[in-house]
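Peer 1: Have a look at this prediction, sequence included:
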Amino acid sequence: MKFGNTLYEKISEEWHSYAVDYRGMTVVLEGDDTSEKIDPAKINHEDFFRRYELSKRGIEIFYLAKRDGLEKIDPAKINHEDFFRRYELSKRGIEIFYLAKREWALDRTMRLMQRVDDLQLEVDNPTEVRRAVESLMSELDLVLGFLELNHTGFSKILKKFDKRTGLATRDAKLKELRLSHSFLSGGGGDIGMAKEQLEGLAVRLDRIIARRTNEGKKKKKNSKNRYIFD
């Protein structure tokens with residue numbers, strides 16, 4: 001049953017139920033691996049052709065589903081109103097997301113800035129603050145990446161709209177988008193600025209950590225010297 005194994009190895013698992021029932025029909029003709037070969041006179045023709053017809057029907061269903069998925073809507077029948085209703089809803093959705101993340105990012109950044117300022121009073125551990133800054137920077141990178149992906153998505157869907165309808169709306173719509181949603185194409189708006197502030201905090205913290213490390217080494221060395229002198 002080499003071909004049967006090859007068949008199922010080479011196709012997606014989700015397509016198995018649509019494929020020709022090669023294994024099942026082989027078992028009807030020859031028996032399974034644990035039994036002796038079936039006497040040709042005892043082959044169940046009815047069971048074989050039942051599986052054969054089911055296989056034909058399965059591959060037909062598969063083909064029709066895939067064919068229908070490839071059919072294009074007549075450009076003249078494209079619902080422009082529905083398209084731009086969804087487009088505007090998408091714009092509103094990403095704006096709500098940005099405003100929520102903007103408030104969160106600015107609040108977290110301000111808290112970390114305060115913690116860095118408090119380090120002058122030695123009321124916090126600079127290494128822990130540095131880890132917190134790094135963690136927030138990673139989270140902001142995910143948000144900024146998401147915003148960038150959405151800007152690409154808007155651009156691509158408008159390009160597809162123009163291609164299907166023969167119109168030329170993309171440039172004008174993207175210009176509007178840059179004005180109303182500048183955070184998508186302008187480096188993430190206030191969230192991008194928060195990321196830059198965190199990068200500055202990271203530099204300050206590295207200096208503070210290095211200075212305290214050096215001070216600790218000096219104190220330890222002086223302590224050893226006093227011990228030897230005494």
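Peer 2: Now that the structure is in, tell me what you want to look at.
Peer 1: in the helix or strand hosting residue 26, what's buried?
Peer 2: Taking DSSP states H and E as the definition, residue 26 sits inside helix 22-30. Neighbour counts over helix 22-30 (16 or more other CB atoms under 10 Å) mark 22-28 as buried. Where C-beta positions appear, they are placed from N, C-alpha and C, glycine not excepted.
Peer 1: other SSEs contacting that helix?
Peer 2: Helices and strands touching helix 22-30, by 3 or more CB pairs under 8 Å, 6 or more residues apart in numbering; DSSP states H and E, are helix 2-10, helix 45-70.
Peer 1: For that helix, output the C-alpha coordinates as PDB.
Peer 2: Below are the C-alpha coordinates for helix 22-30, written out as PDB (Å, rounded to 0.1, in the frame of the first residue of the first chain):
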ATOM      1  CA  TYR A  22      -7.300   4.100  -1.400                       C
ATOM      2  CA  ARG A  23      -6.500   2.300   1.800                       C
ATOM      3  CA  GLY A  24     -10.100   1.300   2.400                       C
ATOM      4  CA  MET A  25     -10.600  -0.100  -1.100                       C
ATOM      5  CA  THR A  26      -7.200  -1.900  -0.900                       C
ATOM      6  CA  VAL A  27      -8.300  -3.600   2.300                       C
ATOM      7  CA  VAL A  28     -11.500  -4.700   0.500                       C
ATOM      8  CA  LEU A  29      -9.500  -6.200  -2.300                       C
ATOM      9  CA  GLU A  30      -6.500  -7.700  -0.400                       C
END
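Peer 1: quick one: that helix to chain centroid distance?
Peer 2: Distance of helix 22-30 from its chain centroid, counting by CA atoms, centre = their mean, to the nearest Å, is 43 Å.
Peer 1: what's the angle between that helix and helix 45-70?
Peer 2: 170 degrees (axes from the mean of the first three to the mean of the last three CA atoms, to 10 degrees).
Peer 1: which element is the residue nearest the centre of the chain on?
Peer 2: Nearest residue to the geometric centre of the chain (CA atoms, centre = their mean): residue 146, 8.3 Å. Per DSSP H and E, residue 146 falls inside helix 126-165.
Peer 1: got the buried residues for that helix?
Peer 2: Of all the residues in helix 126-165, those buried under the rule 16+ other CB under 10 Å are 126, 129-130, 132-133, 136-137, 140, 143-144, 147, 150-151, 154-155, 157-158, 161.
Peer 1: Ok, stretch 167-184 next?
Peer 2: 170, 173-174, 177, 181, 183-184.
Peer 1: my guess is residue 44 meets residue 28, correct?
Peer 2: Yes. Contact criterion CB atoms under 8 Å: residue 44 and residue 28 qualify, at 5.8 Å.
Peer 1: what stretches of the chain score poorly on pLDDT?
Peer 2: Scanning the chain for pLDDT under 70 picks out the ranges 1-5, 7-8, 16, 18, 33-36, 67-72, 121, 123, 220-230.
Peer 1: burial of residue 98, as a residue count?
Peer 2: 22 (other CB atoms under 10 Å).
Peer 1: Now it: closest residue in space, sequence neighbours ignored.
Peer 2: residue 183 (5.3 Å; CB to CB, 6 or more residues apart in numbering).
Peer 1: cool, residue 195 as well?
Peer 2: residue 140 (4.7 Å).
Peer 1: tell me the contacts of that neighbour?
Peer 2: 105, 188, 191, 194-195, 198 (CB atoms under 8 Å, 6 or more residues apart in numbering).
Peer 1: which residue packs closest to residue 212, ignoring adjacent ones?
Peer 2: Of all residues not flanking residue 212 in the chain, residue 126 sits nearest, at 6.6 Å (CB to CB, 6+ apart).
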